[in-house]
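> Build me a model:
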Amino acid sequence: MGNARSFRFRNYEIRSDSLSEATYAATCVSGDEADCGAQSAEEVETNKVERWIAEHVRDTGHQRYRRTMADYVTAEPGAWR
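So this is what the prediction gives:
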């Protein structure tokens with residue numbers, strides 16, 4: 001008659017992947033009508049992105065940036081609940 005279902009849940013632990021490095025980048029979002037849109041390269045060293053921002057400020061006077069960080073993670077399964 002009825003179709004009974006049961007669900008089991010599982011927790012996962014999210015960890016940084018030790019086999020990869022985080023990367024950083026910046027995009028210039030200065031502008032009155034529209035964002036400038038200039039972008040740095042993706043770098044593993046934040047100081048290279050900061051240097052790009054400093055050079056872009058020097059060349060354009062733009063002072064607003066969106067800085068991003070990306071990394072890889074693993075999801076380690078835990079016990080069933």
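> From here on, just use CA atoms for contacts and neighbour counts.
Fine.
> which stretches of the chain have low pLDDT?
1 (pLDDT under 70).
> And the helices in it?
Taking DSSP state H, the helices of the chain run over residues 46-60.
> What are the boundaries of the strands in it?
For the chain, the strands defined by DSSP state E occupy 10-16, 23-28, 65-70, 73-80.
> just these: most buried one?
Among these, strand 23-28 has the highest mean neighbour count (mean count of other CA atoms under 10 Å), at a mean of 20.
> what's the angle between that one and strand 65-70?
160 degrees (axes from the mean of the first three to the mean of the last three CA atoms, to 10 degrees).
> now strand 23-28: how far from the chain's centre is it?
9 Å (CA atoms, centre = their mean, to the nearest Å).
> same thing with stretch 52-64?
Centroid separation for stretch 52-64 versus its chain: 22 Å, with CA atoms, centre = their mean.
> May I have it exported as CSV, CA atoms only?
Output of stretch 52-64 as CSV, limited to C-alpha atoms (Å, rounded to 0.1, in the frame of the first residue of the first chain):
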residue,chain,number,x,y,z
TRP,A,52,49.3,45.3,-9.8
ILE,A,53,46.8,47.4,-7.8
ALA,A,54,49.4,49.9,-6.9
GLU,A,55,50.5,50.2,-10.5
HIS,A,56,46.9,50.6,-11.7
VAL,A,57,46.3,53.3,-9.1
ARG,A,58,49.5,55.1,-10.3
ASP,A,59,48.5,54.9,-13.9
THR,A,60,44.7,55.6,-13.6
GLY,A,61,44.0,57.1,-10.2
HIS,A,62,41.3,54.4,-9.7
GLN,A,63,41.0,53.4,-6.0
ARG,A,64,38.3,50.7,-5.8
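> on that earlier part again, could I get the strands of the chain in JSON lines, plus columns for distance to residue 58?
Formatted as JSON lines, the strands of the chain follow (distance: least, CA to CA, whole Å):
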{"stretch": "strand 10-16", "distance to residue 58": "35"}
{"stretch": "strand 23-28", "distance to residue 58": "13"}
{"stretch": "strand 65-70", "distance to residue 58": "14"}
{"stretch": "strand 73-80", "distance to residue 58": "36"}
